[in-house]
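A.B. asks: Sequence plus the predicted model coming up.
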Protein chains: 2
Amino acid sequence: MQDNITRILKAVADPTRREIFHALVVAATALPITQISNQFEISRQGVTKHIKTLEEAGLVEINSQGRERFCMANPKPLKQVNRWLKFYEQFWDDAIGNLEDYLGQKA
Amino acid sequence: MQDNITRILKAVADPTRREIFHALVVAATALPITQISNQFEISRQGVTKHIKTLEEAGLVEINSQGRERFCMANPKPLKQVNRWLKFYEQFWDDAIGNLEDYLGQKA
DNA sequence: TATATTTGCAACCATATAGTTGCATATTAA
DNA sequence: TTAATATGCAACTATATGGTTGCAAATATA
């Protein structure tokens, strides 16, 4: 499909997916899909699809037990987003001044 | 369309858009659209569309002068992404331990 | 064994997205 | 004035996306 950071950013760019991810993070435990989908208005299949996208981005890990699939949030891939952001951090407070700093360092 | 953070995340979720944005940031100056599009393989119209998306996310500001439209990067909206990330930062190093910290604070 | 529950798979739909091309228009340069 | 340049607008295309429904299969419960 595409590179890792793109997969991660695309995954969290959808508001429903951010909600699902958040619910899993604060749940502080692995939850089966049906139980997750009960918290949302869209269909179970809709939630399943979102979870798959999150899983492909590494943001959710799935562990099958019997007929249930327990989903757990894994926030680690967000580090990559943080690393991507880091570069721009130097510019966002005082754009012009910091840009000059950056150019100065390069020279 | 949607809320702000979603607009910003969607804008940077596209790799070409990240490249355009990056080019504008390091350019350290406002650039007319044609000049930007020369740096990319896709058509000028393609670039224009991407710039529009970036503009709607607040990541690019456009200033018309004569027949030219000068585009300048504005990294400030990325602060919102940083703020969104911040919450998950406490979990991504030692997920279980930090999750307990978070739950402890809440209790 | 019969029934209920959790899930995956597949097909389908509407809309969004990333890109293209063609053309009209405004501004600048010859 | 004529020609070149920078752009916007519109139409179009292909594919991705977010969602749905129906059904089959595996597991658990009565």
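C.D. replies: All right, it came through fine.
A.B. asks: which residues of chain A fall in helices?
C.D. replies: Counting by DSSP state H, chain A has these helices, from start to end: A:4-13, A:15-27, A:33-37, A:44-56, A:78-92, A:95-106.
A.B. asks: ok, now how distant is the closest residue to residue A:5 other than its chain neighbours from residue A:7?
C.D. replies: Spatial nearest neighbour of residue A:5, excluding adjacent residues (CB to CB, 6 or more residues apart in numbering or on different chains): residue A:80 at 5.3 Å. Using the backbone N, CA and C atoms, a C-beta is placed for each residue, glycine as well. As judged by CB to CB, to the nearest Å, residue A:80 and residue A:7 stand 10 Å apart.
A.B. asks: higher neighbour count, these two?
C.D. replies: Taking other CB atoms under 10 Å in any protein chain shown, residue A:80 and residue A:7 do not tie; residue A:7 has more neighbours (19 against 16).
A.B. asks: Now do the more buried one against residue A:42, distance only.
C.D. replies: Residue A:7 is 22 Å from residue A:42, by CB to CB.
A.B. asks: swap in residue A:70?
C.D. replies: Going from residue A:70 to residue A:42 by CB to CB gives 20 Å.
A.B. asks: Compare those two and say which is more crowded by neighbours.
C.D. replies: residue A:70 (17 against 12).
A.B. asks: Quick check, that one in contact with residue A:63.
C.D. replies: Yes: with contacts counted by CB atoms under 8 Å, residue A:70 reaches residue A:63, the gap being 4.7 Å.
A.B. asks: Look up the closest residue to residue A:40, ignoring the ones flanking it.
C.D. replies: Counting by CB to CB, 6+ apart, residue A:40 lies nearest to residue A:47, which is 5.7 Å off, once chain neighbours are set aside.
A.B. asks: can you pull the contacts of the one you found?
C.D. replies: Shown in contact with residue A:47 (CB atoms under 8 Å, 6 or more residues apart in numbering or on different chains): A:20, A:33, A:36-37, A:40.
A.B. asks: out of those residues, who's near DNA strand C?
C.D. replies: Filtering the contacts of residue A:47 for proximity to DNA strand C (criterion: CB under 7 Å from any atom of the strand) leaves residue A:33.
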